[in-house]
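Trainee: predicted model follows, preceded by the sequence.
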Amino acid sequence: METTKLSSKGQIIIPKAIRDSHNWQPGQEFAVIDLEDGIMLQVKKPFPPTTLHEVAGSLKYDGASKTLDDMEKAIEKGIKEMWAEGTEDDCD
């Protein structure tokens with residue numbers, strides 16, 4: 001277990017081994033969560049959490065909704081095309 005001390009300026013140094021293992025760079029932001037017997041540092045996410053409803057509007061599509069069957073057929077077609085392209089490359 002690593003230990004650290006609180007400085008006179010209220011700063012705590014996170015040991016290098018821990019910073020390296022998490023790939024935390026200078027400037028990394030953390031949320032400080034006050035617990036009953038201490039604190040917890042949690043890495044702040046670069047983007048706020050969103051729901052599908054909030055971001056679905058960014059997916060521009062004008063047309064009829066696709067059914068699950070339509071999507072499965074499109075995936076199957078794409079896989080067949082990839083395999084056909086792969087076999088042609090092998091023959092060259």
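Mentor: Sure thing, it's come through.
Trainee: which strand or helix spans residue 27?
Mentor: Here residue 27, judged by DSSP states H and E, is contained in no helix and no strand.
Trainee: can you give me the helices in this protein?
Mentor: Taking DSSP state H as the criterion, the chain carries its helices at 16-22, 52-55, 68-91.
Trainee: quick check: which of those is nearest to residue 38?
Mentor: Closest approach to residue 38 among the helices of the chain is made by helix 16-22 (16.0 Å; C-beta to C-beta). Backbone N, C-alpha and C define where each C-beta goes, glycine included.
Trainee: what's the closest one in contact with?
Mentor: The contact list for helix 16-22 (C-beta atoms under 8 Å, 6 or more residues apart in numbering) reads 2, 24, 43.
Trainee: right, and the second one touches residue 13 too?
Mentor: No. Between residue 24 and residue 13 there is no contact under C-beta atoms under 8 Å: 12.0 Å.
Trainee: more neighbours: these two, which one.
Mentor: Taking neighbours as other C-beta atoms under 10 Å, residue 24 and residue 13 compare with residue 24 leading, 14 against 10.
Trainee: measure that one to residue 37 for me?
Mentor: 24 Å (C-beta to C-beta, to the nearest Å).
Trainee: where does the protein have low pLDDT?
Mentor: Counting by pLDDT under 70, the chain contains low-confidence residues at 87-92.
Trainee: check which residues of stretch 24-44 are buried.
Mentor: Within stretch 24-44, no residue qualifies as buried by neighbour count (16 or more other C-beta atoms under 10 Å).
Trainee: now do the same contact list for residue 7.
Mentor: For residue 7, the contacting residues are residue 13, by C-beta under 8 Å, 6+ apart.
Trainee: try residue 31
Mentor: Contacts of residue 31 by C-beta under 8 Å, 6+ apart are 41, 42, 43, 44.
Trainee: ok, the second one to residue 75 distance?
Mentor: Going back to what we said before, that points to residue 42. 37 Å.
Trainee: same check on the last one?
Mentor: According to C-beta to C-beta, residue 44 and residue 75 sit 36 Å apart.
Trainee: circling back: tabulate the helices of the chain in TSV, adding columns for mean neighbour count and distance to residue 32.
Mentor: What follows is these, written out as TSV (neighbours: other C-beta atoms under 10 Å; distance: least, C-beta to C-beta, whole Å):
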stretch	mean neighbour count	distance to residue 32
helix 16-22	10	16
helix 52-55	8	27
helix 68-91	9	44
